[in-house]
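# My questions concern the predicted model and sequence given below.
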Amino acid sequence: GTATTLQTVTITVTNANQSPVFSGTLPSVSFVPGTITTTVFDLDDYFTDPDSDLLAYTVSGAILITVTITDGAVSLSAAEAISATEDLVFTATDPTGDTATSNTVAVIVTPEEASEVDIADVSHVSGSTTGEGTITIVGTDGSTLASWKAFSVGGVIPRIIKARNQYYILTVKRRSGSSIHAYTLHGSVVSNQNISPQVHYRKLAVGNLNADTTTEELVLGTRRDSKIYFKVLSFDPKKGRFTITKRAIYNGPIKTNDYALVIVQKTVTLFTKGVPRFNWKALGH
């Protein structure tokens with residue numbers, strides 16, 4: 001007969017590299033330019049690596065805002081006299097090049113002017129990105145100075161604004177909505193007003209457009225077809241209202257909703273994909 005030889009072969013299967021994992025939701029952040037915030041969040045709390053590899057962090061979307069990442073801890077800064085909203089995305093990369101990305105983080109910077117008002121104890125203001133629109137005032141020591149709920153659903157985007165030598169928190173929903181709220185730094189409601197049409201945080205800029213320190217201006221941009229329709233609203237905390245003071249139309253063409261408004265040196269600038277497309281001296285004085 002034919003002899004048969006049996007041989008045992010051992011095959012060792014080495015686990016393939018596993019990609020980093022992002023979990024949770026990074027909050028939106030608002031702060032005053034000319035300052036450096038404390039840690040607004042620690043990326044190590046949101047990114048993990050199943051292989052326990054050391055992760056390297058990067059950020060995209062920062063144009064006027066400086067983002068510093070130190071061992072996962074994120075702090076923010078911006079030059080003075082800038083009012084801007086930027087959408088940041090954080091990426092974790094493992095040693096093999098596999099990546100994970102965060103949710104989009106709205107960061108709002110609103111300038112302050114020299115005044116007797118002291119907010120030196122405030123590092124930044126954060127807002128929950130999804131679900132209940134909870135606002136948190138974070139102190140320079142990392143403690144919670146105040147916290148309250150602005151919206152029941154839809155998340156919240158907070159902005160620090162200033163009028164009549166006092167600071168306020170202006171909020172809109174993370175998702176489009178028609179309501180704008182203004183609060184004191186302790187959470188008391190100053191104004192709760194519906195603005196038509198619906199507004200989105202990327203289409204709203206806040207800053208001083210004139211020499212009047214008793215008000216703060218909001219610029220809303222709405223795209224219809226390829227044109228952008230602007231409204232300037234003046235917020236006066238004494239009256240507790242937003243009043244339309246100026247309108248304008250930019251003929252474009254702008255064929256995407258992915259645009260942003262920025263106020264710098266009393267001038268409104270419209271950006272698409274980080275490129276300035278239109279400048280408007282809205283109030284002209």
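Perfect, I can see it now. Just so we're clear, the structure is a prediction, and the values are computed from it rather than from any experiment. Residues are numbered from 1 along each chain as shown.
# Could you use CA atoms for every contact and neighbour count after this?
Fine.
# so Thr213 sits right up against Ile161, yeah?
No: distance between Thr213 and Ile161: 11.3 Å, which falls outside the contact criterion (C-alpha atoms under 8 Å).
# of those two, who's got more company?
Ile161 (28 against 14; other C-alpha atoms under 10 Å).
# which SS class is the more buried one?
Classification of Ile161 by DSSP: H, G, I helix; E, B strand; the rest coil places it in strand.
# That one - nearest residue in space that isn't next to it in sequence?
Among residues not flanking Ile161 along the chain, Tyr168 sits closest, at 5.3 Å (C-alpha to C-alpha, 6 or more residues apart in numbering).
# Show me how far whichever strand or helix holds that neighbour is from its chain's centre.
Per DSSP states H and E, Tyr168 falls inside strand 166-172. Put simply, strand 166-172 sits 14 Å off its chain's centre (C-alpha atoms, centre = their mean, to the nearest Å).
# What are the contacting residues of it?
117, 150, 156-162, 179-185, 199-201 (C-alpha atoms under 8 Å, 6 or more residues apart in numbering).
# So which of those residues belong to strands?
Assigned to strands by DSSP state E, the following of the contacts of strand 166-172 qualify: 150, 157-162, 179-184, 199.
# Out of these, which two sit at the greatest distance?
Greatest spacing in the ones in strands among the contacts of strand 166-172, by C-alpha to C-alpha: Thr184 and Val199 (21.6 Å).
# With neighbour numbers in mind, choose between these two.
Taking other C-alpha under 10 Å, Thr184 and Val199 do not tie; Val199 has more neighbours (22 against 17).
# can you tell me which residues contact the more buried one?
For Val199, the contact set (C-alpha under 8 Å, 6+ apart) comprises Val172, Ser176, Gly177, Ser178, Leu220, Thr222.
# if you skip the residues just before and after it, what's nearest to Leu233?
Leu233's closest residue in space is Ile244 (C-alpha to C-alpha, 6+ apart), at 4.3 Å.
# Report pLDDT for that neighbour.
With respect to pLDDT, Ile244 scores 87.
# okay, the residue nearest to Ile161: pLDDT?
86.
# Might one say that His186 is in contact with Val138?
No: counting by C-alpha under 8 Å, His186 sits too far from Val138 to count as a contact (11.7 Å).
# joint contacts of those two?
Ala146.
# who has more neighbours, those two?
Applying other C-alpha under 10 Å to His186 and Val138 shows that Val138 carries more neighbours, namely 22 against 14.
# The more buried one against Val122, yeah?
Yes: counting by C-alpha under 8 Å, Val138 touches Val122, with 6.0 Å between them.
# closest to Thr256 among the ones in strands among the contacts of strand 166-172?
Taking those together and measuring to Thr256 by C-alpha to C-alpha, the closest member is Val199, at 15.5 Å.
# measure that closest one to Ala182 for me?
Plainly put, Val199 is 15 Å away from Ala182 if you go by C-alpha to C-alpha, to the nearest Å.
# Likewise for Thr171?
6 Å.
# Who has more neighbours out of these two?
Taking other C-alpha under 10 Å, Thr171 and Ala182 do not tie; Ala182 has more neighbours (27 against 23).
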